[in-house]
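K.L.:
Quick one, what's the 3D model for this:
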Amino acid sequence: MRWNQQSILDPMAMVNVRGLLRTVSTPEFAGMTFHEVLAKTALNKVPPASAMPFPWTVNPYRGCSHACVYCFARNTHRYLDLDAGEDFDSQVVVKVNIAQVLAAELARPRWVGEHVALGTNTDPYQRAEGRYALMPGIIDALAAHGTPFSILTKGTLLRRDLPLLARVAEDVPVDLAMSIAVFDDALQQMVEPGTPTTAARLATVRAAADLGFRVTVFLMPVLPYLTDSPAQLETAVRAIAASGATRVVHGALHLRPGAREWFLAWIDREHPHLSRRYRALYAHSSHAPRSYRAQLSRRIGPLLDRYGLSSRADDDYARGRSRDRQAVPAAAPALTPTLF
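P.N.:
Next up is the predicted model:
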């Protein structure tokens, strides 16, 4: 990698991860540290008991510079002896050989071309992808072995690969989804400080739709008391429809360990008047109460009908998968972390 003024740090002092080659920092990514590793495997098997509607995932990165305060995957960084807060946002593991390893795994005779999902743990189009460019090799490997795949991202860097994705979509099913949770610019920059703007993500949806993709937008997590009013939801659905998306997956915030502590600390700091309400809402579960989720669906459903968007609530995924494991949707929500 030709990085201006990059520095190579002592890897053993930084992170506990298998296959570590080197640890790098650079002024181009101020405040970020990249741990380059040689991965032994690329495909992750989704446990049969999982609610996910796809059997395999690929995760080129661990940690994420998008720094979403609600990110469910934060707790996975603790397995690296890093914390689920600032380290998750700034210490990113990069599997530099993942495309080659994936190609070798897909070439094995026992591979039968099952659906592979990208974006189920951390974002494959986060800022590091602009430097490491792992996704084109991953896409080529999947297409070369006749493997259908889906991509879920917040990253507008997806636009770089749209011509490639359009070409491979002629031979294998390719499903694209953009995660857009917050339609208030000031709040979006507070809760997702490392992500592209909402407008930029909507423009990326439009660019993909113009190439013929039927793009799904993940309107999730909906944040109780912050983004869930009828007016806010209508603003969101109207903008999604105008972007050319065809479907919306929606769901309320859930707070798993790691994400729970980080998000509630953010609430205490930025919205202290909501602290007691959030702790009451999530007192007994990582998920919002079923009554809240049902109310949210009742608010969103008529809006989606009005604007001509098909829809699915994230609660439906577990039920749908138990009925038919082979019925893989266009993209699936990032609910269950998968590791190396």
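K.L.:
where along this structure do the helices fall?
P.N.:
Remark: helices assigned in the chain by DSSP state H are 86-90, 98-106, 128-132, 135-144, 158-168, 185-191, 198-210, 230-242, 259-270, 275-281, 290-306, 315-323.
K.L.:
So which elements touch the third one?
P.N.:
In other words, helix 128-132. Applying 3 or more C-beta pairs under 8 Å, 6 or more residues apart in numbering; DSSP states H and E, one finds that helix 128-132 contacts strand 91-95. The C-beta positions use only the backbone N, C-alpha and C, and glycine is treated the same way.
K.L.:
what is the orientation angle of the strand it packs on with helix 135-144?
P.N.:
40 degrees (axes from the mean of the first three to the mean of the last three C-alpha atoms, to 10 degrees).
K.L.:
who does strand 91-95 pair up with?
P.N.:
strand 33-37 (parallel), strand 61-62 (antiparallel) (DSSP bridges).
K.L.:
what comes into contact with it?
P.N.:
With contact meaning C-beta atoms under 8 Å, 6 or more residues apart in numbering, strand 91-95 is reached by 14-15, 17, 32-39, 42, 59-65, 77, 80, 82, 101, 126, 128, 132, 134.
K.L.:
same deal with stretch 108-118?
P.N.:
In contact with stretch 108-118 (C-beta under 8 Å, 6+ apart) are residues 43, 52, 54-60, 105, 124, 135, 138, 142, 145-152, 328, 331-332.
K.L.:
hmm, which of those are the buried ones?
P.N.:
By neighbour count, with 16 or more other C-beta atoms under 10 Å, these hold 43, 52, 54-60, 105, 124, 135, 138, 142, 145, 147-152, 328, 331-332 as buried.
K.L.:
and those, which of them are in strands?
P.N.:
Of the buried ones among the contacts of stretch 108-118, the ones assigned to strands by DSSP state E are 43, 56, 57, 58, 149, 150, 151, 152.
K.L.:
Isn't the last one up against residue 120?
P.N.:
Looking back up the chat, that one is residue 152. Yes. Counting by C-beta atoms under 8 Å, residue 120 is a contact partner of residue 152 at 7.0 Å.
K.L.:
Any idea how many residues pack against the closest residue to residue 148 other than its chain neighbours?
P.N.:
Nearest residue to residue 148, sequence neighbours excluded (C-beta to C-beta, 6 or more residues apart in numbering): residue 173, at 3.9 Å. By the measure other C-beta atoms under 10 Å, the count of residues near residue 173 is 13.
K.L.:
now swap in the one 3 residues further on and tell me
P.N.:
Applying other C-beta under 10 Å, we find 26 other residues in the vicinity of residue 176.
K.L.:
how close does it sit to residue 251?
P.N.:
Residue 176 sits at a distance of 19 Å from residue 251 (criterion: C-beta to C-beta, to the nearest Å).
K.L.:
Then residue 211?
P.N.:
As for residue 211, its distance to residue 251 is 27 Å (criterion: C-beta to C-beta).
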